[in-house]
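In: Got a sequence here, can you model it:
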Amino acid sequence: MGIAIRNALYDLGILKSYGFDLALVKIGNLSVGGTGKTPHTELVAAMLAEVFPSVAILSRGYKRKTSGFRLAGESDNARSLGDEPFQMHLKLPDVQVAVCEDRKTGIEKLLEQNPFLSAVVLDDGFQHRKVKAGLNILLSDYNEPFYKDQLLPAGKLREFKNAYRRADLIIFTKAPVNVNVYDKKYVYTKVNPAANQQVIFSHIRYGDPVYLEPFEEEKLHPSQQLLLVTGLANAQSLTDMLDRKRLSYMHLAYADHQHYGNKQLQQIEKQFAAMEGNKKLVLTTEKDFVKLREHAQWFIDKQIPLAYLPIEIGFDEHDRGIFIRMIEDYVKQYQRNR
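Out: Below is the predicted model:
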């Protein structure tokens, strides 16, 4: 059953949603991939973990090699959790990360193991109506907004456009750093938010590359030849940044959530050898790095430097205030968090 049809059954009350006496924050989108769910989920969870004693992230664990409920631990990797949950597990040591195909079951299992949870952030949970959340955050690519899109297969939408009315907070991601007031007003006009909805804009900030040890760390510079390796639904924001900086690169673009085995390593080695110059680097994303680093010894033996570009989510001062206030005020409503 397609998401659009299934959610229509929830709207009609034919399918049942379940609630919990627990702060639940859903983050997701209406389209297939590429809106920045993972960094926004990390940001929400990290922010809550600074204020509240016990925060968890629950994800489906897309393309993992395991099934059922799994709480991330020291023995886990991208295959057992999925690449994005594993990345979040590595980055957020103060946040519990769990995966489960059934979100209701996943929350129940988290509460069994930790009855004093303050909040659960549901990664890619906007479409999953089996669980009711008190705060629903919808992400939409500023450059490909949902209101200009169409339902699959004509477009990229997984459910009908009017589903955005379920959102409490709508974030247009990958926006310019300084969105002018006229462009903001245009978006507000197209969305026409209800009284209970807020519309804000976020942008991506790229940090300096983080290198696989023992390769020497240095900032990106025009004299380098980069082999960009990505397994993303949409790599345009990354390639746009490299183009703006006038960096020279070749791009090996794989499918989203690509697993890296011998075939891909051979392709990387071949492309790397074909590049000219003495300053060469394989540059990738953090999501891909957590999988490629499993082959760390291969990169070391081949003397192929590997690094990833960390990203942060930014807001202007006004929108950041809305973002923090909405999330913290919601979580504080629960008796367990007072």
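
In: what are the ranges of the helices in the stretch 201-338 of the chain?
Out: Along the stretch 201-338 of the chain, counting by DSSP state H, counting those that start in this stretch, helices occupy 236-244, 262-274, 286-292, 296-302, 317-332.

In: nearest to P209, of those?
Out: helix 286-292 (10.1 Å; Cβ to Cβ). The C-beta positions use only the backbone N, C-alpha and C, and glycine is treated the same way.

In: for the closest one, packing partners?
Out: helix 83-91, strand 225-231, strand 306-309 (3 or more Cβ pairs under 8 Å, 6 or more residues apart in numbering; DSSP states H and E).

In: deepest of the helices of the stretch 201-338 of the chain, which one?
Out: helix 286-292 (a mean of 22; mean count of other Cβ atoms under 10 Å).

In: How far off centre is it?
Out: 13 Å (Cα atoms, centre = their mean, to the nearest Å).

In: Name the residues that touch that helix?
Out: By Cβ atoms under 8 Å, 6 or more residues apart in numbering, the surrounding residues in contact with helix 286-292 are 38, 78, 83-84, 86-87, 90, 210, 212, 229-232, 258-260, 284, 299, 306-311.

In: which SS state does the residue sitting nearest the centre point of the chain fall under?
Out: Nearest to the mean C-alpha position of the chain, counting by Cα atoms, centre = their mean, stands T38 at 1.5 Å. Counting by DSSP: H, G, I helix; E, B strand; the rest coil, the backbone at T38 sits in helix.

In: Can you tell me, leaving aside adjacent residues, what's nearest to it?
Out: Excluding the flanking residues, the one nearest T38 by Cβ to Cβ, 6 or more residues apart in numbering is E84, at 4.8 Å.

In: quick one, which of the helices and strands packed on helix 286-292 is packed in tightest?
Out: Of the helices and strands packed on helix 286-292, helix 83-91 is the most buried (mean count of other Cβ under 10 Å), at a mean of 24.

In: what are the bridge partners for the closest residue to P176 other than its chain neighbours, then?
Out: Nearest residue to P176, sequence neighbours excluded (Cβ to Cβ, 6+ apart): H203, at 6.6 Å. According to DSSP bridges, the residues that bridge with H203 are G314.

In: Great, nothing more from me.
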